[in-house]
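[1] Next one to model:
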Amino acid sequence: MHITVTEIEKSYATVSAVCGVSFTINTGEIFALLGPNGAGKSSIIRMLVGMTRPDRGTIVVTHQQAHYDHVPRRYLGYLPEDRGLYPDKSVEKNLLYLAQLHGLSKAQAQQEMDHWLAIFELTERRKEDLKQLSKGNQQKVQLIAAVIHKPALVILDEPFSGLDPINQEKVVEFLKTLRAKGMTVILSAHQMAMVEKLADRMLLMAKGQVVLAGTLMDIKQQAQPKPVVVIETQQAITAVQLATLLPDYTVSLQSEHRFSVALPTTAMLSTCLQTLLNEFTVQSVSMQNPDLHQLYLTAMSAHQQEEIA
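    Numbering: from 1, shown residues only. You can find the predicted model right below:
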């Protein structure tokens, strides 16, 4: 499923929720929709699935050579932020009911359910009521429910919620499997480390506007964060000493022998080191590549500064 969104806008009363946003989502890719609360992510998702219409702009969904102005329900899998399964029913009854509701035969539903329960190590708990499961296991059942009918597109809102690190990695592998099967995935999550591992491309929004867009490499180029170096010294060093020695730099103490310095430019590294060498023995210096979380914070800060200006 391929989606092209062109200059869409959406307002509610006096609030402009989405302001001229454009992007494309390619068939079989994981596309991350990122931003703080109120950024416009939910408004975009509602327009994509046809719950609301854009005030302006267009949405073109292409699947099997047919074109639509939203994702047809029969091709859609959805994991909402507010979960919607039946807690007083068993895992098995929940999944079979939803699979058949999406048009699978009982035999097909059973086959798909058995497959995914085995993947998530829930086979032995299939007869238990959903409310008896831990929050993490309930989340895994929700994920199965979103894809059991083999949708062309699945929208996952906070799929890592309630999961410990081991199960977060299982969800990462789960999403990679969906991509390998050719399923298109829209992912909205706050766990930036997980998004960085998964997303082919991403859209970072703030207050209804696009802040950054593209691959992780594109995001890095657009964000243009200050270069950061990690320095280790032979002698112990304190935050007070660093603030005194390097008042014009953003410094973060990581341990008594290790700290990071955000440089205005890479050319400033020699000046920074010379200042330190007058007082300490420097054992190592390494450049730190910003991760998606740092890029996100940098972009949000820059966007806020532009609004103030």
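[2] Please give me every residue in contact with residue 66.
    With contact set as CB atoms under 8 Å, 6 or more residues apart in numbering, residue 66 has no partners. Every residue, glycine included, has its C-beta placed from N, CA and C.
[3] any idea how far it is from residue 58?
    Relative to residue 58, residue 66 is positioned 16 Å away (CB to CB, to the nearest Å).
[4] And the pLDDT for the residue located most distally from the centre of the chain?
    Distance from the C-alpha centroid of the chain peaks at residue 278, with 44.1 Å (CA atoms, centre = their mean). Per-residue pLDDT puts residue 278 at 89.
[5] Can you pull the phi/psi pair for it?
    In terms of degrees, to the nearest 10, the main-chain angles of residue 278 are phi -70, psi -20.
[6] Over to the one 5 residues further on?
    Backbone dihedrals for residue 283, given as degrees, to the nearest 10, come out at phi -90, psi -30.
[7] show me what contacts the nearest residue to it once chain neighbours are set aside?
    Spatially, and ignoring its direct neighbours in sequence, residue 283 is nearest to residue 232 (4.7 Å; CB to CB, 6 or more residues apart in numbering). By CB under 8 Å, 6+ apart, the contact list for residue 232 reads 257, 258, 282, 283, 284, 285.
[8] Among the residues you listed, name the ones in strands.
    Applying DSSP state E to the contacts of residue 232, the entries found in strands are 258, 282, 283, 284, 285.
[9] OK, contacts around residue 137?
    Residue 137 makes contacts with 122, 125, as judged by CB under 8 Å, 6+ apart.
[10] repeat that with 7 Å
    Contacts for residue 137 (CB atoms under 7 Å, 6 or more residues apart in numbering) come out as residue 122.
[11] helix, strand or coil for it?
    helix (DSSP: H, G, I helix; E, B strand; the rest coil).
[12] And the strands in the protein?
    2-12, 15-25, 30-34, 56-63, 66-68, 76-79, 153-157, 184-188, 201-206, 209-214, 228-233, 250-255, 258-262, 282-288.
[13] any idea how the protein splits into domains?
    Listed by automatic domain parsing, the domain ranges of the chain are 2-85+142-222, 226-289.
[14] Determine how far the last residue of the last one lies from the first.
    Domain 226-289 has an end-to-end distance of 10 Å (CA to CA, to the nearest Å).
[15] Neighbour count, pLDDT and distance to residue 11 for the ones in strands among the contacts of residue 232 - can I get that in a markdown table?
    Listed next are these as a markdown table, based on neighbours: other CB atoms under 10 Å; pLDDT from 0 to 100; distance: CB to CB, whole Å:
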| residue | neighbour count | pLDDT | distance to residue 11 |
| --- | --- | --- | --- |
| 258 | 15 | 91 | 49 |
| 282 | 13 | 91 | 55 |
| 283 | 12 | 91 | 57 |
| 284 | 10 | 92 | 53 |
| 285 | 14 | 90 | 51 |
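[16] okay if I get the residues you listed as a markdown table plus distance to residue 154?
    Formatted as a markdown table, the ones in strands among the contacts of residue 232 follow (distance: CB to CB, whole Å):
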| residue | distance to residue 154 |
| --- | --- |
| 258 | 42 |
| 282 | 50 |
| 283 | 49 |
| 284 | 45 |
| 285 | 45 |
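[17] which one of these is nearest residue 126?
    Using CB to CB, residue 258 comes nearest to residue 126 of these, at 49.2 Å.
[18] ok now do the closest one, which residues does it touch?
    By CB under 7 Å, 6+ apart, the contact list for residue 258 reads 230, 232.
[19] Quick check: which ranges of the stretch 101-250 of the chain have low pLDDT?
    For the stretch 101-250 of the chain, the stretches flagged by pLDDT under 70 are 224-225.
[20] So for residue 144, which of the strands of the chain sits nearest?
    Shortest distance between residue 144 and the strands of the chain, using CB to CB, is found for strand 76-79: 9.9 Å.
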